[in-house]
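> Here is a sequence together with a model predicted from it:
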Amino acid sequence: MSYEEAHVKFGHAGEQKLRKIHQQSADKETWTIAAKPDNFHCQVCVKGKVTKINGHSHNLASQEPLDLIHMDISGPHPTAVNKAQYYIIVVDDSSKYKWVLPIQHRRDAPDVLNDWKRQIELKIGKTIKAFRTDNAPELKKLTLRWQKDCGSDAQFTIPGTSSQNGTAERAIRNLKSSEVWPPQPPKLNTSDSLHAPKKEYG
């Protein structure tokens, strides 16, 4: 794929991060990333760098896929053809892979996220270690239940400083400024959801 395509697909990652993602990919022989053009310039990244981020981030370092998952809900938006008015944005902190899950109502978020979590953990063969989100009631209640039932760490922003959930918020801004917004109804195919390292996931 072109450098521009890879840059957007993997959450506007830099050149070094993109090379690392490719090297750790279980199917790296089947795809490549072109060299970074000398005149490459991303307006979205420029805007993101000048956006003020308040507060301090949690210190958990994500070394592997599913170590840390960021979540946020965007909406309401004009009703789409699939009747969705809201979109759950899910970002893997390590790979920067993004999922966009459409829902009609905010109350639908727990059921959709439970299905997503079950599928991705089954595919990768690993339990998600931590979730980071703002204080949206639908997400907070769900992540606290996951913490109790599954042992995953539930991380929340300080009230009034939702920008601490910067990774998910940047993903929303990036998607809105790209040509793929509003998203089309996705096929939740976990076979290509994460380019996971061979050494651990096969």
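Arrived safely. Numbers count the residues shown, from 1 in each chain.
> Can you check which helix is longest in the protein?
Of all the segments of type helix in the chain, defined by DSSP state H, the longest one is helix 109-124.
> Now that helix: average pLDDT?
For helix 109-124, mean pLDDT rounds to 94.
> so what does that helix touch, helix or strand wise?
For helix 109-124, the packing partners by 3 or more CB pairs under 8 Å, 6 or more residues apart in numbering; DSSP states H and E come out as strand 86-92, strand 98-103, helix 137-150. Yep, even glycine has a C-beta here, placed from its N, CA and C like the rest.
> how about CSV for the ones you listed, with distance to residue 3, mean neighbour count and mean pLDDT added?
Shown next, in CSV, are these (distance: least, CB to CB, whole Å; neighbours: other CB atoms under 10 Å; pLDDT from 0 to 100):
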stretch, distance to residue 3, mean neighbour count, mean pLDDT
strand 86-92, 20, 23, 90
strand 98-103, 18, 22, 90
helix 137-150, 34, 15, 93
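> Which one of the ones you listed lies nearest to residue 37?
strand 98-103 (23.0 Å; CB to CB).
> May I have the strands that pair with the closest one, each with its orientation?
Strand 98-103 sits in its sheet next to strand 86-92 (antiparallel), going by DSSP bridges.
> just the CA coordinates of the partner strand, formatted as CSV?
The C-alpha coordinates for strand 86-92 follow below in CSV (Å, rounded to 0.1, in the frame of the first residue of the first chain):
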residue,chain,number,x,y,z
TYR,A,86,-23.7,7.2,16.6
TYR,A,87,-20.3,5.5,16.1
ILE,A,88,-18.2,3.8,18.7
ILE,A,89,-14.5,4.4,17.9
VAL,A,90,-12.1,1.7,19.2
VAL,A,91,-8.4,2.1,18.9
ASP,A,92,-5.7,-0.4,19.8
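> sorry, back to before: now the helices and strands packed on helix 109-124 as JSON lines including distance to residue 27?
Formatted as JSON lines, the helices and strands packed on helix 109-124 follow (distance: least, CB to CB, whole Å):
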{"stretch": "strand 86-92", "distance to residue 27": "17"}
{"stretch": "strand 98-103", "distance to residue 27": "19"}
{"stretch": "helix 137-150", "distance to residue 27": "28"}
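> For residue 34, find the nearest of these.
Smallest distance to residue 34 across the helices and strands packed on helix 109-124 (CB to CB): 20.8 Å, for strand 98-103.
> In which helix or strand does residue 84 reside?
Per DSSP states H and E, residue 84 falls between elements, in no helix or strand.
> if we can go back for a sec, could you check the longest helix of the chain and say which residues are buried?
For helix 109-124, a neighbour-count test (16 or more other CB atoms under 10 Å) marks 109-110, 113, 116-117, 120, 123-124 as buried.
> On the C-terminal side of that helix, identify the next helix or strand.
strand 130-133.
> Show me what that next one is packed against.
Secondary-structure packing of strand 130-133 (3+ CB pairs under 8 Å, 6+ apart): strand 69-74, helix 137-150, strand 153-156, helix 166-176.
> Only C-alpha atoms, please: export that strand in CSV.
C-alpha atoms of strand 130-133 as CSV (Å, rounded to 0.1, in the frame of the first residue of the first chain):
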residue,chain,number,x,y,z
ALA,A,130,-6.9,-2.4,29.9
PHE,A,131,-9.6,-0.1,28.6
ARG,A,132,-9.4,3.7,28.6
THR,A,133,-12.4,5.9,28.0
